[in-house]
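Colleague: I need the structure of the sequence given here:
(4 chains)
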2 protein chains.
Amino acid sequence: MKPTDVLPARQPATIKDIANALGLSHSTVSRALNDFPHISAETKARVREKAAELEYVVNSGARTLRHASSSLIGLVVPHSTNELSATMTRVLASRCQRAGYQLVLSMCDDDEEIELRQVKALRQARALGIIIIPAPNLLEETAQLLSSASVVQFSRSHPRLSAPAVSIDGAKGVAAAIHHLGQLGHHRIAYVGLTSDLSTGASRFAGFRRGMESCGAPIDPALVRQGPGLGEFGRTAAAGLLQSPAPPTAIVFGTTELTSGGYEAIRRAGVRLPEDLSVIGFGDPPWFRHVSPTLSTIAMSFEEAAETAISLLLRRIAEAAEGRPPEPAVSLVLDPYLIVRETTGRPRARPGF
Amino acid sequence: MKPTDVLPARQPATIKDIANALGLSHSTVSRALNDFPHISAETKARVREKAAELEYVVNSGARTLRHASSSLIGLVVPHSTNELSATMTRVLASRCQRAGYQLVLSMCDDDEEIELRQVKALRQARALGIIIIPAPNLLEETAQLLSSASVVQFSRSHPRLSAPAVSIDGAKGVAAAIHHLGQLGHHRIAYVGLTSDLSTGASRFAGFRRGMESCGAPIDPALVRQGPGLGEFGRTAAAGLLQSPAPPTAIVFGTTELTSGGYEAIRRAGVRLPEDLSVIGFGDPPWFRHVSPTLSTIAMSFEEAAETAISLLLRRIAEAAEGRPPEPAVSLVLDPYLIVRETTGRPRARPGF
DNA sequence: ATGAAAGCGCTAACAT
DNA sequence: ATGTTAGCGCTTTCAT
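Modeller: Next up, the predicted model:
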C-alpha cells in the first residue's frame, strides 16, 4: 500500500484516471458518463463504478471551456439588508435552483469600484446573465462591461446602462400618500427619503413635490430630510423633525429601513399616533402589522417586481443563446398602492387654526 | 465593412485574437496582460490598448483549468427568509467581496434532493469551500461529496457530516427563558418551536424540558407545538394555544419567524401583555423593539456566529491550499442571552391559586 | 524580450 | 462499441 493510498488523492480524479484504471480511452469514459447510446451497458456500469470509487466529479470549468457558456447568473446589489435586495435574492435563488443555474451574489455597498470588480468577475466567469441594482456613480468601464452582456436593471436605473429596467413607480406611491394626508387635512408634511443621486430617491422625492403641489400645500425645506437608506438616518431624521420648533403633523418615509429607524425614534419620543402625528411607511414587511397602531404604508409587490425582472433576463439569455438580436430594451414600471391602517388620521386642531 | 463589424463579435475575444491583430504570439500577450517583468513597456501598452479595443475579458474558467482551483465559495441554506440565513448571506457576501472570492448562493427549501444537486454543482465548479446549513435528511451521497471538500456546518449539524460546526446553544437560551418565567411564578408555560428532526429544533426543545425540570414545573404536552419554522405555523400554534380550554400563562418561541407569526395571532386575539400572557421571542430583529410592549427575547449575535464560521472556513481553505492536513474538526457553540423587556411579567393570580 | 509547444479536463469529430 | 485526435483559452516551461 503506497502512502498516497491512505487518504483520498489531493487532486480530484479525472476521466483519464478512470480510463487508465479500466484500460479504456478517456473519450469512452466521457461517453459512458454522459450516457451515450452506443456504449455497452457493461462498460457503462464499470465506468460508473470506478468513477464512484475514485470519487470522480466532473469539472464544470473544463466543460464550460468547450461550450463557451457557464450556468452562472449574477446578482449585483448594494446591500442585502434592503428589503428589495433581499426579496430579489430570495426569488432569484429559487428560480435559479429550479432552472439549473447557479446564483452568484455580489454586494457592493454602493461603492462603484467594488461594483466594477464584481461585474468584471462575473464577465470573466462568462456568467449567462446579470441582474443589477446599479450604484449611483456606476463607472464607464462597468457600463462597457455590461453593454455586451445579458443584463436587466432592477429597482434603480442608470443613464450609462442601456439594459432594460424593472422598477417601481415610487413617485406615484409617495404622491398617493401625500394626497391621502392632504385629504385628511394635513399641510405640514415631512418627507424622510433617499438622496436624489439615486434614481429611486429622485423619483420618490419628485412624487413628494407633485403630491404637495396637488394639495396646494407649500414645501417647507426644513421638513425634507434626504440621506442614506439606513435605519440610523431614519432615526436621526425623525428625531430632528420632532424636536424642531415647528414640527410636522405627518411624516412620509421613503424606504422600509428609514421607516424602521424613524418609527423607533417616534416611539421613543412618546408621540401618540395618529393623534399627534400621522405616519406613512414604505414597503410592507410583516412587522408593520405587528406594531400598534399598525402602520399605514406605501406598499408594493417586491416579489412581482423581482419575478418580472427575472423573466425579462431569462428571455434575454435565451435570445443571446440562439443568436437572436435582443429585443429593444423596454423599461417596466410597477405601481405601488397605498395601504391605510392606523397611523394616519386627521391632524389635531391647533391653536390659531 | 463586413456585416460582422456592425455589432461587437458574438464570441468574446481571446488572447489569440489580440496576438493575431498585433503580430505577436499569444504567450506574449498573456505575459503582457499579466504584467510580467521581461516584457517591453511598449508591447504592454499596445497589448492593453488592443485588448480594450476588442473588449477582451479573460476567461476565468480557462484559468481555473490550469490552476485547478476557482475563487468560488458556496453557501447552501434552507430558506433565505430565515434570519440566520439572511445574516450569514450578508456577512459572507461582504467577506467574499473583500477577499476576492465569489459567493454562490444555493437555496434548498430543506429538500435533500435539491441539496444534493446544489452541492454537486458546487463541487463540479471546484468551489474552494462551502458553508452549509444541512437539511435534516441530508443524503449519503451529499455527505460523501462534502467529505473531501473544505466545509463548515452552520447553525445545524448533521451526523453524516464530519465537518466542523458553528452553532448556537439553543438549549441554553430556551432554558434561560424558562428559568426566568419560572422565577416570575409561571407554571403553565407553552413552547412553540421547530420539529425535533432539525438539530436546532431538538436542542431548543431539550432546553425547554431542562428549564421546566429545573423549575419543577410539569410539561403539559398540549402546550408544546412543534412544526416548520414559518410565520404561518407560529400564527396557528399561538392561536390554538390561546383558544385551548386551559391556556398557558406564558409562551416561548423557538425562532424569529415563529415569534413573528405568533405575535400577530396574540395581538389579534386581543390578549394583553404581559398582564394576561408573558411572551419570550427568539432572535432580535429591530422590530422587537418597535412593538409595544417591546418583546423580551432569547437573543444572540448571528453576526458573530457567521463571522466565526467564515473564519473557520477560510482557515480550512488555506490549509487545503497549502496541502496541510486539516485540523481536527472542532465544533463551536455560541451562547445566547436573555433580554428582558416588556412582554414578561408575573402571571395573574387566578381563582383557585 | 519574445516565440514555440505542451497541457489543464473535457467534448466531439472522425476514424475504425 | 471503442479509440484517436483536435481544440476550447489560458498559463507555463523551455527555447532563442
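Colleague: which residues of the stretch 151-300 of chain A fall in helices?
Modeller: Using DSSP state H, counting those that start in this stretch, the helices of the stretch 151-300 of chain A run over A:170-184, A:199-215, A:231-243, A:256-268.
Colleague: Any idea which of these gets closest to DNA strand D?
Modeller: DNA strand D sits nearest to helix A:199-215 of all these, at 34.1 Å, using Cβ to the nearest atom of the strand. For glycine as for every other residue, the C-beta is placed from the backbone atoms N, C-alpha and C.
Colleague: Show me what that closest one is packed against.
Modeller: helix A:170-184, strand A:189-194, strand A:224-227 (3 or more Cβ pairs under 8 Å, 6 or more residues apart in numbering or on different chains; DSSP states H and E).
Colleague: hmm, back to that, do you know which of the helices of the stretch 151-300 of chain A lies nearest residue B:82?
Modeller: Closest to residue B:82 of these is helix A:256-268 (Cβ to Cβ; 18.4 Å).
Colleague: Please spell out which residues along the closest one are buried.
Modeller: A:256, A:257, A:258, A:259, A:260, A:261, A:262, A:263, A:264, A:265, A:266, A:267 (16 or more other Cβ atoms under 10 Å in any protein chain shown).
Colleague: How about the closest residue to DNA strand D within the stretch 101-250 of chain A: what's its closest non-neighbour residue?
Modeller: The nearest approach of the stretch 101-250 of chain A to DNA strand D comes at residue A:124, 8.4 Å away (Cβ to the nearest atom of the strand). The shortest distance from residue A:124 to any non-neighbouring residue, by Cβ to Cβ, 6 or more residues apart in numbering or on different chains, is to residue B:60 (4.1 Å).
Colleague: residue contacts, the residue of the stretch 251-353 of chain A found nearest DNA strand C?
Modeller: The stretch 251-353 of chain A approaches DNA strand C most closely through residue A:321 (14.4 Å), counting by Cβ to the nearest atom of the strand. Taking Cβ atoms under 8 Å, 6 or more residues apart in numbering or on different chains, we find residue A:321 in contact with residue A:69.
Colleague: run the last query once more with 6 Å
Modeller: If you count contacts by Cβ atoms under 6 Å, 6 or more residues apart in numbering or on different chains, residue A:321 has none.
Colleague: Then residue A:157?
Modeller: A:165, A:199.
Colleague: on that earlier part again, do you know the pLDDT at the residue nearest to residue A:124?
Modeller: Per-residue confidence (pLDDT) for residue B:60: 93.
Colleague: Could you check how many residues crowd around it?
Modeller: Residue B:60 sits with 23 neighbouring residues when counted by other Cβ atoms under 10 Å in any protein chain shown.
Colleague: so it touches residue A:123, yeah?
Modeller: No: applying Cβ atoms under 6 Å as the test, residue B:60 and residue A:123 come out as separate, 9.1 Å apart.
Colleague: Can you tell me which residues in the stretch 201-350 of chain A are near DNA strand C?
Modeller: Contact residues, the stretch 201-350 of chain A versus DNA strand C (Cβ under 7 Å from any atom of the strand): none.
Colleague: For the stretch 201-350 of chain A, what lies in contact range of chain B?
Modeller: A:260, A:263, A:264, A:286, A:287, A:290, A:291, A:292 (Cβ under 6 Å from any Cβ of the partner chain).
Colleague: Just the element for residue A:51, please.
Modeller: Per DSSP states H and E, residue A:51 falls inside helix A:41-53.
Colleague: Return the distance of that helix from the chain's centre.
Modeller: Relative to its chain's centre, helix A:41-53 lies at 44 Å (Cα atoms, centre = their mean, to the nearest Å).
Colleague: Quick one: check it for contact with DNA strand D.
Modeller: Yes: Helix A:41-53 reaches DNA strand D (Cβ under 7 Å from any atom of the strand) through A:42, A:43.
Colleague: just checking, what packs against whatever helix or strand comes next after that helix?
Modeller: Next in sequence after helix A:41-53, counting helices and strands by DSSP H and E, comes helix A:60-67. In this structure, helix A:60-67 packs against helix B:60-67, with contacts taken as 3 or more Cβ pairs under 6 Å, 6 or more residues apart in numbering or on different chains; DSSP states H and E.
Colleague: sorry, back to before: how many residues are close by the residue of the stretch 101-250 of chain A closest to DNA strand D?
Modeller: Residue A:124 has 18 neighbours, counted by other Cβ under 10 Å.
Colleague: same check, this time on residue A:67
Modeller: 12.
Colleague: what's the pLDDT at it?
Modeller: 84.
Colleague: One more: residue A:327?
Modeller: For residue A:327, pLDDT reads 85.
Colleague: That one: what secondary structure?
Modeller: coil (DSSP: H, G, I helix; E, B strand; the rest coil).
Colleague: where's it relative to residue B:11, distance?
Modeller: Look at residue A:327 and residue B:11: by Cβ to Cβ, to the nearest Å, they are 21 Å apart.
Colleague: Surely residue A:347 and residue A:250 touch.
Modeller: No: look at residue A:347 against residue A:250 with Cβ under 6 Å: they stay out of range, at 7.1 Å.
Colleague: For the residue of chain A found nearest DNA strand C, identify the helix or strand it belongs to.
Modeller: Going by Cβ to the nearest atom of the strand, DNA strand C is nearest to residue A:27 of chain A, at 2.9 Å. Using DSSP H and E, residue A:27 sits in helix A:26-33.
Colleague: Could I get the average pLDDT for that helix?
Modeller: Regarding helix A:26-33, the rounded mean pLDDT is 94.
Colleague: measure residue A:79 to residue A:229 for me?
Modeller: Relative to residue A:229, and taking Cβ to Cβ, residue A:79 is found at 8 Å.
Colleague: brain fart, residue A:154
Modeller: 15 Å.
Colleague: Tell me which of these two has more neighbours.
Modeller: Ranked by neighbour count (other Cβ under 10 Å), residue A:154 and residue A:229 place residue A:154 first, with 30 against 25.
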